[in-house]
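> give me coordinates for this.
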Amino acid sequence: MSTRIRINESEYELLCDYRAKNKKKFVPKDKFQRCGQKSYKVRLSDDELNLITEHRNKLSVPVFKIIQKSEMKKERTDNIGDINKKQKEEEGSLNKSERIQLEALKDILEIRDGSNNVEIYDIKPTTKSSNSESVPIFLLSDVHFEEVIKKESVLGLNEYNPEIAKQRLESYFVSLVKLTSHAQRSYHNMNQIVIGVLGDLISNYIHEELQQTNSMSPLEAISTVKSILLSGFKYIHDNLNVDKITIVWINGNHGRSSKKTNFSNFTSMSYEYYLGVDIKSMCETLGLKKFEFVIPRSEMALIELFDKRLIFTHGTRIKGGNGVGGVAVPISRYFNRVARSFNADYMFLGHFHQSIYNKQFCVNGSIVGYSPYAMGNGCDFEVPQQSMVILDSKRGFTAYNAVYLD
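As a prediction, this is how the structure comes out:
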């Protein structure tokens, strides 16, 4: 009885010796080469099959013992001399290719054995007292409280009316407290916050379309916004663990009572300016002593915080933004001009309803969200959101967060 099997080069040599045939003259018909190694398909008698099987079993011994060497450390230590001796004897019967494979396996096992000597130690955090101080800066702008946006006018991307505006403003104040409290667990000496109220709290009747679509008159909208802001300011006063809350109050272009945006009497003709003055007075009457108001008689405020000079403005005078670079290009040009004049380090603004944060300025998002005006001008969609940054006295601006309103 004979069996047809495939044998490798060394087994082929062994078979030639057994049959007492010259290797060069004895060439089986079925020969192929895989991965650089030759193999042959031959028909063997029972005796020849036993010979090949015994040879294969013999070759498996050193591999088995190498595996045992890595798994049984104690036994390896006791018998290492005997194993090495047997391996050397048995390796002598391997061909060149098999010896190369065996050496590669040894190298792998040595690497694995070496990993057992890696030291794993406990890292203990060090608590250092820090002289640095951190201040969160929140922005609030572009509420457009009395504006109405119907779902169908923006293909379902947004909906807005005074009821939704009230919900989003309340959510803003709740999120402000949560974000500040969370930051206080990570930052040293966070004892004050700054809120930049950057204008366009109402939409007003500055365009004929707004006269047709707004849900209430400008004065009614101002009165309602006043109530919501005072309630929100009281909430953060009572729930924030800080000593000081600075409100930087800036007027937007929508709050004006004049047909066009004026320069010299910009604040005198603004509903929003007198809303800020009124809210400041009401906070004093209510005993909200943590508040400090900065209400400039100009379109921008310049405040110093640590070693930074910060500009707060609405962004009314910045024009352009239809090019490839978008609104960031004209904003950057504007910042470079005012920074030279006032030696400013950074600028906060609203107006564009797009959240942008970089090394020069932070543009706030909007409460009102995506509108038919934005869709008609091909502006990118953005969910209603506001902005928060953290200024550290030692490291500068260290964090930016979107304040989501849903």
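> tell me, what's the model's pLDDT at residue 327?
With respect to pLDDT, residue 327 scores 93.
> neighbours of it, how many?
21 (other Cβ atoms under 10 Å). To be clear about C-beta, it is placed using only N, CA and C from the backbone, and glycine gets the same treatment.
> got the phi and psi for residue 180?
Here is the backbone geometry of residue 180 (degrees, to the nearest 10): phi -70, psi -40.
> what are the ranges of the helices in the stretch 151-300 of the chain?
162-184, 208-213, 218-239, 271-285 (DSSP state H, counting those that start in this stretch).
> quick check: mean pLDDT across stretch 95-105?
79.
> and what of stretch 192-202?
The average pLDDT within stretch 192-202 is 98.
> could you do stretch 207-219 as well?
96.
> end-to-end on that stretch?
End-to-end span of stretch 207-219 (Cα to Cα, to the nearest Å): 16 Å.
> report the beta-bridge partners for the residue lying closest to residue 283 once chain neighbours are set aside.
Spatially, and ignoring its direct neighbours in sequence, residue 283 is nearest to residue 291 (4.8 Å; Cβ to Cβ, 6 or more residues apart in numbering). In this entry, residue 291 is beta-bridged to residue 245, by DSSP bridges.
> residues contacting residue 291?
Contacts for residue 291 (Cβ atoms under 8 Å, 6 or more residues apart in numbering) come out as 233, 237, 245, 246, 247, 280, 283.
> between these, which is closest to residue 200?
Nearest to residue 200 among these: residue 247, at 16.3 Å, using Cβ to Cβ.
> pull the distance from stretch 174-185 to the chain's centre.
19 Å (Cα atoms, centre = their mean, to the nearest Å).
> give the buried residues for that stretch.
For stretch 174-185, the buried set under the neighbour-count rule, 16 or more other Cβ atoms under 10 Å, comprises 175, 176, 177, 179, 180, 183, 184.
> in JSON lines: the helices of the stretch 151-300 of the chain, plus distance to residue 118.
Listed next are those as JSON lines, based on distance: least, Cβ to Cβ, whole Å:
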{"stretch": "helix 162-184", "distance to residue 118": "37"}
{"stretch": "helix 208-213", "distance to residue 118": "70"}
{"stretch": "helix 218-239", "distance to residue 118": "50"}
{"stretch": "helix 271-285", "distance to residue 118": "61"}
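> for those helices, which one sits closest to residue 315?
Nearest to residue 315 among the helices of the stretch 151-300 of the chain is helix 271-285 (14.3 Å), distances taken as Cβ to Cβ.
> and that closest one, what does it pack onto?
Applying 3 or more Cβ pairs under 8 Å, 6 or more residues apart in numbering; DSSP states H and E, we find helix 271-285 packed against helix 218-239, strand 244-249, strand 291-294.
> so which of these is nearest residue 14?
helix 218-239 (87.3 Å).
> what residues sit buried inside the closest one?
218, 221-222, 224-226, 228-230, 232-234, 236-237.
> toward the C-terminus, what is the element adjacent to the least confident helix or strand in the chain by mean pLDDT?
Lowest on mean pLDDT, DSSP states H and E among the helices and strands of the chain sits strand 30-34, with a mean of 50. Per DSSP states H and E, the first helix or strand lying C-terminal to strand 30-34 is strand 37-45.
> against which helices or strands is that following strand packed?
Packing partners of strand 37-45 (3+ Cβ pairs under 8 Å, 6+ apart): strand 2-8, helix 9-19, strand 30-34.
> okay if I get the ones you listed as JSON lines plus mean neighbour count and distance to residue 169?
JSON lines is the format used below for the helices and strands packed on strand 37-45 (neighbours: other Cβ atoms under 10 Å; distance: least, Cβ to Cβ, whole Å):
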{"stretch": "strand 2-8", "mean neighbour count": "14", "distance to residue 169": "80"}
{"stretch": "helix 9-19", "mean neighbour count": "16", "distance to residue 169": "83"}
{"stretch": "strand 30-34", "mean neighbour count": "10", "distance to residue 169": "74"}
